[in-house]
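Asks: fold the following and give me the result.
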Amino acid sequence: MKSQVDFFNTMASKWDEIIYVDNDKINYALDKTNIKKGSKILDVGTGTGVMIPFLIERIEEEGKIMAVDVAQKMLLIAEDKFKDNNRVSFFNLNVEIDTIEEKFDLIVCYSVFPHFENKTRTIKKLVNKNLRENGSLLIFHSQSKEDINKIHKQADDIVSEDKLIDLKTQKIIFENEGLNIIDGIDNKDMYLILINKINSRI
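Replies: Coordinates of the predicted model:
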């Protein structure tokens, strides 16, 4: 039976052709985070490395990016793009089941959150295990939840039920687990949740 990993590996070669990257929306989302020169960042579900140029620009020479993905073929494309940049390292792993020992100033989950099998547990794990105090975790989509859910439903059976829910409900779920939500957007232009580890009860 085809898995989610199989699906994304199959899509890897044409991924950059079929996605639309909205520079303004991505920069708007990153402006809300604590990212700065020298930041250490975990890019979860990096895919073909769409977010990496935006992150590199902000962390400058002193920062580091650890980019991870479950799909090896996606990673190979990303690695080739940034093979001459020593600030970025790539790892084929699944944050839901694999352990990352390092801690980061910022964790970015761009266009990956709906694909987590256990969304709440995974985000809580990342905040608890991998986020430094005062660090931020960003969940972000540069389209509405309705658009994202429609895209997934039409793409393939393996991702058809990978959905975003309304921000109010998602916020309640996260806060019940002790996560500190400091910002959220759920409109026709984007879906964004920003979690901060300050005063975290985890």
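
Asks: now do the strands in the protein.
Replies: Remark: strands assigned in the chain by DSSP state E are 40-44, 64-69, 88-92, 104-110, 131-141, 180-186, 191-196.

Asks: so which of those strands comes closest to residue 170?
Replies: strand 191-196 (6.7 Å; C-beta to C-beta). C-beta coordinates here come from the backbone N, C-alpha and C atoms, glycine included.

Asks: so what's the gap between that closest one and the chain middle?
Replies: Strand 191-196 has its C-alpha centroid displaced from the chain centroid by 11 Å (C-alpha atoms, centre = their mean, to the nearest Å).

Asks: that strand packs against which elements?
Replies: Counting contacts by 3 or more C-beta pairs under 8 Å, 6 or more residues apart in numbering; DSSP states H and E, strand 191-196 packs against strand 131-141, helix 167-176, strand 180-186.

Asks: residue 82: which of these is closest?
Replies: Nearest to residue 82, of the helices and strands packed on strand 191-196 and by C-beta to C-beta, is strand 131-141 at 20.2 Å.

Asks: for that closest one, name the packing helices and strands.
Replies: Checking 3+ C-beta pairs under 8 Å, 6+ apart, strand 131-141 ends up next to helix 23-31, strand 104-110, helix 119-130, strand 191-196.

Asks: now do the buried residues in the worst-scoring helix or strand of the chain on mean pLDDT.
Replies: Least confident helix or strand of the chain, by mean pLDDT, DSSP states H and E, is helix 15-18 with a mean of 74. For helix 15-18, a neighbour-count test (16 or more other C-beta atoms under 10 Å) marks residue 15 as buried.

Asks: okay, and the beta partners of the residue lying closest to residue 193 once chain neighbours are set aside?
Replies: What sits nearest to residue 193 in space, not counting adjacent residues and going by C-beta to C-beta, 6 or more residues apart in numbering, is residue 139, at 4.2 Å. Taking DSSP bridges as the rule, residue 139 bridges to residue 109, residue 193.

Asks: excluding covalently adjacent residues, which one is nearest to residue 151?
Replies: Using C-beta to C-beta, 6+ apart, the nearest residue to residue 151 is residue 143, at 7.7 Å.

Asks: equivalent analysis for residue 111, please.
Replies: With C-beta to C-beta, 6+ apart, the residue lying closest to residue 111 is residue 141, at 5.8 Å.

Asks: what about the residue nearest to residue 37 when sequence neighbours are not counted, how many neighbours?
Replies: Counting by C-beta to C-beta, 6+ apart, residue 37 lies nearest to residue 60, which is 4.7 Å off, once chain neighbours are set aside. Look at residue 60: counted by other C-beta atoms under 10 Å, it has 12 neighbours.

Asks: residue 60 and residue 38 touch, don't they?
Replies: Yes: taking C-beta atoms under 8 Å as the definition, residue 60 is a contact partner of residue 38 at 7.2 Å.

Asks: got the buried residues for stretch 129-148?
Replies: Applying 16+ other C-beta under 10 Å to stretch 129-148 flags 130-131, 135-145, 147-148 as buried.

Asks: so who does the spatially most central residue of the chain touch?
Replies: The C-alpha lying nearest the average C-alpha coordinate of the chain belongs to residue 109 (C-alpha atoms, centre = their mean; 1.2 Å). If you count contacts by C-beta atoms under 8 Å, 6 or more residues apart in numbering, residue 109 has them with 44-45, 123, 126, 137-140.
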